[in-house]
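Enquirer: Pasting a predicted model and its sequence here:
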Amino acid sequence: MKAATREPAGVGSGAAHPATNVGAAVQARGLTKRFGSVLALDHVSFEVAPGELFGFIGPDGAGKTTLFRLLTSLYLPDEGESRVIGHDPATDMWALRRRLGYMPGRFSLYPDLTVIENLQFYASVFDTTVAAQMDTIEPIWRQLAPFAGRRAAALSGGMKQKLALCCALVHSPSILFLDEPTTGVDAVSRREFWDLLARLREGGMTMLVSTPYMDEASRCDRVALMQQGRILRIDRPSAVRAAFPRPLLAVTAAGEGAAVRIGLLAALREHPDAASVWPFGSTLHFTDRRAGPDPARLATELGEWLAARGIAATVRPISATIEDAFMWDMTSAEPAA
Amino acid sequence: MTGPSPRAAGAAASASAHPAIDAVGLTRRFGLFTAVDAITFHVAPGEVFGFLGANGAGKTTAMRILTGLLAPSAGSATVAGFSVATEAREIRRNIGYMSQKFSLYDDLTVRENIDFYGGIYGLDDATIAERRELLLDRLGLASRARALVGTLPLGWKQQLAFSVALLHEPRVVFLDEPTGGVDPITRRRFWELIYETAAAGTAVLVTTHYLDEAEYCDRLSIMVDGRIAAMGTPEDVRRDAGVATLDELFLRLMRPGAAA
């Protein structure tokens, strides 16, 4: 996508902020960004507390990257305003840029430079040295040091991401923006990357992280679920799951194979009280449209309903995952148009 | 959305005697490096098989051998009944392939992409026209047939790419990280398409980084350093390893030194 890069003199909202919460690390009010006829970000508002690990969870096209570019002063908003560690990204970009670390989604390193050369380069941009910043980057550097002389292009996906994180940290920023740091990285490397973020969090770093992987929500203090430029919900991951408003049942077919799964799926979608039925790994998740009834009783009844149709399956009540909650919000918040 | 096509269903019945993919001791070396180290596995017609492993574990090399693009150094494999070593051309005619990274031409319309691939697969014009209409109808894309593929939402593109990979009714379809970046509902619609395809008798081999997605497969294998370190139904694999989640097993296999 193409966007006018911002002019240093900034034409965005230069007015004083209402500053409803002066203690917040990030405040956004009605942030909106259009690219031609595409509404990439649609009146997004939220706050991030100092020291918080805040996740933006959503698929491609949700607006995560656009939001990060607004908050890091790379784009100007069409509407709305924000404040990042006391600075307005639209008017105070130079002061802000010295104090924030930004790890873009695409590989942002110099492939022909070695690991240590990349790091030295980013340090020099901020008038510092790798040695002077060793306290900050040490936990990550320890994992990179064995590859110090290797060209960045020759690193594994997981190692590239660790180096990019190291480069984003090498000027000791007060806040970190990590845009899809784990996309395309294998499951073990993803876990290791989140372990590193947990260590930074213990050190008091404020972090905003975006990800398309729903299972990573649990690593965040709070998450914003995003879809098509809007925030569907903001809460602690446990609260997002607990807020699921309907009984949820896991249905497992007695047989195996694709035909059995499709048959069960089709049968359950015919149930008069089915709000939604989706495959979830080897089980199906059945959301009942009635808010009140006891889930255990519903499970028994649904098992009997299936048995009466000659379908053998086990049914049990379960608690919602982040994905269940996301799908519920997606379908219940569908715009009228 | 769709019923099994008669031809595919017939193929499932007649081919059930021998596997859609049958690899025995399949090996590929690059100089001193053994990328694929004597892997043995089979995939039955109509089976959804998850092909998992870390970046660099050898999945891509194995996929390239199985799709007839790379010859094995040792061992053997048949795909759709043809030898990967000697019948690569026949294999390519009998498999479908879809990758997240490349599948369709953004600058061609939906219809042009379908027609183009139909031609590549050697289908005659009447067959292409017939299958194109069925496909557009099934995906609800009839009104967008003249839209450039580049203007479609990612989820539609993925479903279209998958359907195009099935145009010539292959007996085996390879899906390389097919569902990255889409919302959870679109991802599930995609898996429902996979199930419909498998139910019609086509074998599906799928790679993914989503371990929760591996749970959708009938069986799966996990490659570590060129070898298959675990294989079976998701439930069997977890039970054999004594772990609650595939995530835990993955960590144990990839980082033997690290305590979970």
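Expert: Cool, got the structure.
Enquirer: What segments of the chain are strands?
Expert: Looking at chain A here, since you left the chain open. Assigned by DSSP state E, chain A shows strands spanning A:26-35, A:38-48, A:53-57, A:79-84, A:100-103, A:175-179, A:206-211, A:222-227, A:230-235, A:248-253, A:274-280, A:283-288, A:313-317.
Enquirer: right idea, wrong chain: chain B
Expert: Counting by DSSP E, the segments of chain B that form strands are B:21-30, B:33-43, B:48-53, B:74-79, B:82-83, B:95-99, B:172-176, B:203-207, B:219-224, B:227-232.
Enquirer: list the buried ones in stretch B:114-131?
Expert: B:114-115, B:117-118, B:121, B:123, B:128, B:131 (16 or more other CB atoms under 10 Å in any protein chain shown). Any C-beta I mention is one placed from the backbone N, CA and C, and that applies to glycine too.
Enquirer: OK, now which residue of chain A is nearest to chain B?
Expert: A:G281 (2.8 Å; CB to the nearest CB).
Enquirer: can you list the domains in chain A?
Expert: Following automatic domain parsing, chain A resolves into domains at A:26-241, A:245-318.
Enquirer: Can you add mean neighbour count and distance to B:R227 and give those back as a markdown table?
Expert: Output for the domains of chain A, formatted as a markdown table (neighbours: other CB atoms under 10 Å in any protein chain shown; distance: least, CB to CB, whole Å):
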| stretch | mean neighbour count | distance to B:R227 |
| --- | --- | --- |
| domain A:26-241 | 19 | 16 |
| domain A:245-318 | 17 | 25 |
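Enquirer: can you list these in a markdown table and add mean pLDDT?
Expert: Shown next, in a markdown table, are the domains of chain A (pLDDT from 0 to 100):
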| stretch | mean pLDDT |
| --- | --- |
| domain A:26-241 | 95 |
| domain A:245-318 | 95 |
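Enquirer: Of the strands of chain B, give the one that comes closest to A:R289.
Expert: strand B:48-53 (30.1 Å; CB to CB).
Enquirer: who does the closest one touch, helix- and strand-wise?
Expert: Under the contact criterion of 3 or more CB pairs under 8 Å, 6 or more residues apart in numbering or on different chains; DSSP states H and E, strand B:48-53 touches helix B:59-66, helix B:184-199, strand B:203-207, helix B:211-214, strand B:219-224.
Enquirer: One more pass at 7 Å, please.
Expert: When contacts are defined as 3 or more CB pairs under 7 Å, 6 or more residues apart in numbering or on different chains; DSSP states H and E, strand B:48-53 packs onto strand B:203-207, strand B:219-224.
Enquirer: what's the most buried one of these?
Expert: strand B:203-207 (a mean of 25; mean count of other CB atoms under 10 Å in any protein chain shown).
Enquirer: Just want the angle from that strand to strand B:219-224.
Expert: Calculated by axes from the mean of the first three to the mean of the last three CA atoms, to 10 degrees, strand B:203-207 forms an angle of 40 degrees with strand B:219-224.
Enquirer: any chance of the helices and strands packed on strand B:48-53 in CSV, with distance to A:G157 too?
Expert: Output for the helices and strands packed on strand B:48-53, formatted as CSV (distance: least, CB to CB, whole Å):
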stretch, distance to A:G157
strand B:203-207, 14
strand B:219-224, 16
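Enquirer: ok, for the closest residue to chain A within the stretch 1-150 of chain B, nearest residue in space, not its chain neighbours?
Expert: Chain A sits closest to B:A54 of the stretch 1-150 of chain B, with a gap of 4.2 Å, by CB to the nearest CB. Counting by CB to CB, 6 or more residues apart in numbering or on different chains, the nearest residue to B:A54 once its immediate chain neighbours are dropped is A:D186, at 4.2 Å.
Enquirer: Please apply the same query to A:W278.
Expert: A:W278's closest residue in space is B:R188 (CB to CB, 6+ apart), at 4.8 Å.
Enquirer: try A:E79
Expert: Nearest to A:E79 is A:T32, by CB to CB, 6+ apart, at 3.9 Å.
Enquirer: Would you check that the one you found makes contact with A:D78?
Expert: Yes. Counting by CB atoms under 7 Å, A:T32 does reach A:D78; the two are 5.1 Å apart.
Enquirer: count of neighbours near the closest residue to chain A within the stretch 101-250 of chain B?
Expert: Closest to chain A within the stretch 101-250 of chain B is B:E215: 2.8 Å, counting by CB to the nearest CB. Neighbours of B:E215 under the rule other CB atoms under 10 Å in any protein chain shown: 20.
Enquirer: Point out the residues in chain B that sit beside chain A.
Expert: Neighbours of chain A within chain B, by CB under 7 Å from any CB of the partner chain: B:46, B:48, B:54-56, B:154, B:181-185, B:188, B:191-192, B:195-196, B:198-199, B:209, B:211-212, B:215-216, B:218, B:234-235, B:247, B:250-251, B:254-255.
Enquirer: Drop anything exposed from these.
Expert: The buried subset of the residues of chain B next to chain A (16+ other CB under 10 Å) comprises B:46, B:48, B:54-56, B:154, B:181-185, B:188, B:191-192, B:195-196, B:198-199, B:209, B:211-212, B:215-216, B:218, B:234, B:247, B:250-251, B:254.
Enquirer: Which pLDDT value goes with the residue nearest to A:W278?
Expert: Per-residue pLDDT puts B:R188 at 94.
Enquirer: Assess the claim that it and A:G281 are in contact.
Expert: No. Counting by CB under 7 Å, B:R188 sits too far from A:G281 to count as a contact (10.7 Å).
Enquirer: returning to that earlier point: between the domains of chain A, which one is closest to B:A71.
Expert: Counting by CB to CB, B:A71 lies closest to domain A:26-241 out of the domains of chain A; the figure is 25.9 Å.
Enquirer: Quick check: end-to-end length of the closest one?
Expert: One end of domain A:26-241 to the other measures 25 Å (CA to CA, to the nearest Å).
Enquirer: quick one: that domain to chain centroid distance?
Expert: From the chain centre to the centre of domain A:26-241 is a distance of 10 Å (CA atoms, centre = their mean, to the nearest Å).
Enquirer: re the thing from before, where does confidence bottom out across the buried residues of stretch B:114-131?
Expert: Lowest confidence among the buried residues of stretch B:114-131: B:Y121, with 89.
Enquirer: Can you report how many residues lie near the residue lying closest to it once chain neighbours are set aside?
Expert: Using CB to CB, 6+ apart and skipping the chain neighbours, the partner closest in space to B:Y121 is B:H168 (3.7 Å). Using other CB under 10 Å, B:H168 is surrounded by 19 other residues.
Enquirer: Retrieve the pLDDT associated with B:H168.
Expert: 95.
Enquirer: Do I have it right that it meets B:D124?
Expert: No. If you go by CB under 7 Å, B:H168 and B:D124 don't touch, sitting 11.4 Å apart.
Enquirer: hang on, the earlier thing: between the helices and strands packed on strand B:48-53, which one is nearest to A:T321?
Expert: strand B:219-224 (20.4 Å).
Enquirer: I'd like to know which elements the closest one is packed against.
Expert: strand B:48-53, strand B:227-232, helix B:246-254.
Enquirer: Nearest to B:F162, out of those?
Expert: strand B:48-53 (13.0 Å).
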